[in-house]
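S.K.: Sequence below, structure please.
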Amino acid sequence: MKRKNTYSQNKSSRNKSFQNKSFQNTYNPNKNGRIRNRRNKTISRSRLFLASAAVITATAAAAIIYLTGFSDKDVTPISPTELLSEYMHYIPEQNYEQMYSMLHVEASGGISQKDFIERNAAIYEGIEIKNMSVEVTSYNEKELKVSYKTSFDTAAGEVSFKNEAFFMDTEDGSYGLVWDDSLIFPQLGASDKVKVSTIQAKRGEILDRNGRVLAGAGTASSVGIVPGRMKDPKAVEEIAGLLGIKAKAVKKKLSANWVKEDSFVPIMTIPKVKEIDLMSLEPDERVLLEQSRQEKLLAIPGVMLSDIEVREYPLHEAAAHLTGYVQNVTAEDLEKHAGEGYTENSVIGRLGAEGLFENKLKGVNGCRIYITDAKGSKKEILADIPVQHGENVRLTIDAELQISLYEQFQEDKSCSVAINPFTGEVLALVSTPSYDCNDFIMGLSNEQWKALNEDEDMPMYNRFRQTWCPGSTFKPVIAAVGLESGAVDPNENYGNDGRSWQKGASWGSYYVTTLHVREPVNLENALIASDNIYFAKAALKIGAEEMESSLTRIGFNEELPFEITMAKSQYSNEEKIETEIQLADSGYGQGQVLANPLHMASIYSAFCNGGSMIRPYLVYADEASAGYWIEGAFSKKTADVVLEGTKKVVNDPEGTGYAAHRDDIVLAGKTGTAEIKASKDDKQGTELGWFAVYTPEQSTERPILLISMAEDVKERGGSGHVVRKDHQVLEEWFREQEGD
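M.R.: Numbers count the residues shown, from 1 in each chain. Next up is the predicted model:
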């Protein structure tokens with residue numbers, strides 16, 4: 001029997017206009033493919049019975065099929081509790097048409113489908129609803145009232161509340177949901193609005209060890225056009241020319257739908273010219289050129305400059321490969337980092353420290369969802385996530401040293417690493433030539449991007465992360481390996497074979513050559529004179545198997561334990577050293593030996609740390625303490641012998657590194673020149689110049705271990721070119737000590 005409507009005004013505040021009235025049901029129970037009239041909560045199905053009878057007449061005989069089913073008296077509508085669950089299920093699916101089809105429209109104030117969809121979509125999609133759950137807590141069959149609890153996730157966190165839903169009988173025996181705004185949120189009225197407020201998290205700064213900003217908030221100038229003030233349409237060509245972009249790009253922005261005559265239409269972000277930079281006794285040429293460009297732009301009617309906050313890199317090219325840069329997120333970024341708090345307005349770190357420490361730097365945007373009344377007054381807060389600004393990241397880097405190395409080597413294809421040999425703090429990581437990270441923030445033109453990528457000197461290439469043929473800077477390593485294995489006696493005189501030598505006729509036309517020989521030809525003199533022949537012989541004494549195992553023990557073919565991933569050093573292109581000549585060449589850092597500069601710095605640190613290789617690190621700690629990558633890489637006895645030899649390289653007048661000698665501070669080190677050839681017979685090959693220099697005494701006030709490599713030093717002084725530049729860097733480094 002059909003249920004009588006028991007929904008009355010005195011039983012619910014939701015019913016504002018009717019009492020015990022019958023309404024035409026506009027809810028189609030089959031619209032979504034379900035039959036909602038059920039018997040025992042299952043879909044009613046007809047049963048097919050076949051009956052046959054024979055009627056014999058003079059003209060025909062027929063079989064009669066009867067279809068029989070349940071009567072309407074047996075039909076029971078789907079309960080309101082099930083209907084409510086189904087309705088709520090459609091919300092996160094954004095299936096608003098199905099939701100509307102379940103309404104008792106007249107009881108819901110006659111709301112149109114269009115208005116219903118717009119209201120629900122604006123709210124539910126605006127708050128980014130997902131993961132909805134519904135629990136029915138009670139059902140009043142007389143009043144057709146369902147009490148329930150619901151919770152769901154939003155952009156501002158979880159929202160949960162208790163609520164009630166009412167249903168009404170319909171003429172076809174089903175139920176229709178009585179809808180009003182309070183079904184979305186109990187506190188929501190018809191004239192109220194649900195608003196979402198986002199507070200953008202400030203990105204943390206990247207600082208050097210002394211608190212100097214390497215990456216942080218800065219100010220730039222946004223070049224924009226007010227169309228109504230632009231007198232000459234041809235001025236677009238002039239503006240585009242000054243900005244280095246195509247005129248059609250400017251016209252496209254001016255033709256956007258939102259643009260009006262008095263709109264400020266942003267065209268491009270450019271560096272802000274600061275008065276303090278102009279007041280300098282010798283203003284930077286780039287600053288003067290930028291000032292001139294901006295004066296020309298402002299002279300064009302309709303052009304305006306507006307200050308905007310941007311990410312800024314004060315060291316410009318000097319630290320580009322170290323800091324990296326940020327860019328606006330892409331669709332791919334949003335997909336890859338779904339659920340991590342990124343929005344279309346976010347930036348994300350690319351390369352270097354910006355990418356490495358992205359999770360710390362980015363912070364978490366704040367978000368608040370709240371209801372306002374018709375006057376715009378805040379009525380109730382539904383959910384609130386406080387903004388969490390990004391953390392500052394303080395590095396062990398010394399900005400002054402970083403700048404000093406860059407300025408010395410900016411015309412070279414080079415890299416430099418500097419560490420404190422007693423703590424492992426990385427003081428500088430420099431790669432040249434370089435690029436200005438600020439250009440990426442301002443927005444590179446296609447021409448600029450093409451020029452960067454096609455530059456044969458590869459300014460985007462991060463050289464300090466790569467491996468290089470170490471040349472003679474590898475000789476102290478071979479010395480340590482030979483001493484440790486017992487294959488090398490430091491006092492043994494290998495004899496003077498002149499400037500070329502081969503082991504025997506089996507080497508054919510191949511000879512090891514050297515520039516200098518110092519007698520007696522023992523380990524110390526071989527280090528001082530950088531004698532290739534001595535170290536080729538030492539490598540043969542060590543043997544391939546011992547060489548491989550010893551180099552493996554000190555980190556070759558292993559990833560360096562450091563925040564920035566560095567290429568692995570190697571002793572061979574294959575698994576093993578394959579020939580006697582390759583082994584001999586390895587003894588003086590040629591053959592197939594490739595080493596990463598920071599790995600080399602760690603090995604060198606063992607010579608002043610009693611044989612233990614320091615573990616380099618980049619994140620600053622108030623109390624710097626030594627951590628070791630490989631403890632006991634060499635014995636203290638071995639380390640001391642090599643240390644004394646490298647001291648002589650810098651302090652003996654005949655030493656190859658004597659140009660870096662100082663009277664006030666003891667230095668040790670090793671030079672190196674590596675030949676890069678296409679083949680053994682190549683006469684046109686280039687050379688890499690190296691210099692490794694360090695303060696071996698812990699009492700030194702500003703300890704440093706510096707390794708620099710420059711490409712193409714042939715005809716430019718070889719390793720001497722690098723020694724001279726590093727000497728100037730050390731002059732500035734120790735001058736600061738005197739200033740303190």
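S.K.: Would you state the helices of the stretch 201-350 of the chain in chain order?
M.R.: For the stretch 201-350 of the chain, helices defined by DSSP state H, counting those that start in this stretch occupy the ranges 235-243, 247-254, 275-278, 285-298, 320-323, 331-336.
S.K.: Which residues does the second one contact?
M.R.: Residues outside helix 247-254 that contact it (C-beta atoms under 8 Å, 6 or more residues apart in numbering) are 225, 227, 236, 237, 239, 240, 243, 259, 265, 266, 267. For every residue, glycine as well, the C-beta is placed using N, CA and C.
S.K.: mind listing what's buried in that helix?
M.R.: Buried positions in helix 247-254, judged by neighbour count with 16 or more other C-beta atoms under 10 Å: 249, 250, 254.
S.K.: do the last one as well
M.R.: Within helix 331-336, the residues scored as buried using 16+ other C-beta under 10 Å are residue 333.
S.K.: Would you mind putting the CA coordinates of it into PDB?
M.R.: C-alpha atoms of helix 331-336 as PDB (Å, rounded to 0.1, in the frame of the first residue of the first chain):
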ATOM      1  CA  ALA A 331      51.200  20.300 -16.000                       C
ATOM      2  CA  GLU A 332      53.700  17.400 -15.800                       C
ATOM      3  CA  ASP A 333      55.000  18.800 -12.400                       C
ATOM      4  CA  LEU A 334      51.400  18.900 -11.100                       C
ATOM      5  CA  GLU A 335      50.800  15.300 -12.200                       C
ATOM      6  CA  LYS A 336      54.200  14.100 -10.800                       C
END
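S.K.: Now do the biggest helix by length in the chain, average pLDDT.
M.R.: Using DSSP state H to define each element, the chain has its longest helix at helix 719-739. The average pLDDT for helix 719-739 rounds to 90.
S.K.: ditto for stretch 541-558
M.R.: Averaged across stretch 541-558, pLDDT comes to 98.
S.K.: now do stretch 247-264
M.R.: Average pLDDT, stretch 247-264: 92.
S.K.: end-to-end on it?
M.R.: Distance between the two ends of stretch 247-264: 18 Å, counting by C-alpha to C-alpha, to the nearest Å.
S.K.: Flag every buried residue along stretch 628-646.
M.R.: Buried residues in stretch 628-646 (16+ other C-beta under 10 Å): 628-630, 633-634, 638-646.
S.K.: Please apply the same query to stretch 100-116.
M.R.: Neighbour counts over stretch 100-116 (16+ other C-beta under 10 Å) mark 100, 101, 102, 103, 104, 105, 106, 107, 108, 111, 116 as buried.
S.K.: and which of these is nearest residue 619?
M.R.: Residue 619 has its nearest neighbour among the buried residues of stretch 100-116 in residue 116, at 54.7 Å by C-beta to C-beta.
S.K.: Show the contacting residues for that closest one.
M.R.: Here residue 116 is in contact with 96, 99, 100, 103, 179 (C-beta under 8 Å, 6+ apart).
S.K.: How about the contacts made by residue 617?
M.R.: Counting by C-beta under 8 Å, 6+ apart, residue 617 touches 396, 424, 425, 426, 562, 563, 627.
S.K.: Touching, the last one and residue 424? I think so.
M.R.: Yep, that's residue 627 we're talking about. Yes: the criterion here is C-beta atoms under 8 Å, and residue 627 meets it with residue 424 at 6.0 Å.
S.K.: Can you work out which residues contact both of the two?
M.R.: Counting by C-beta under 8 Å, 6+ apart, the residues touching both residue 627 and residue 424 are 614, 615, 617.
S.K.: Redo those as CSV? Include pLDDT.
M.R.: Formatted as CSV, the shared contacts of residue 627 and residue 424 follow (pLDDT from 0 to 100):
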residue, pLDDT
614, 98
615, 98
617, 98
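S.K.: of all those residues, which comes closest to residue 120?
M.R.: Using C-beta to C-beta, residue 617 comes nearest to residue 120 of the shared contacts of residue 627 and residue 424, at 53.7 Å.
S.K.: Fine, thanks again, bye for now.
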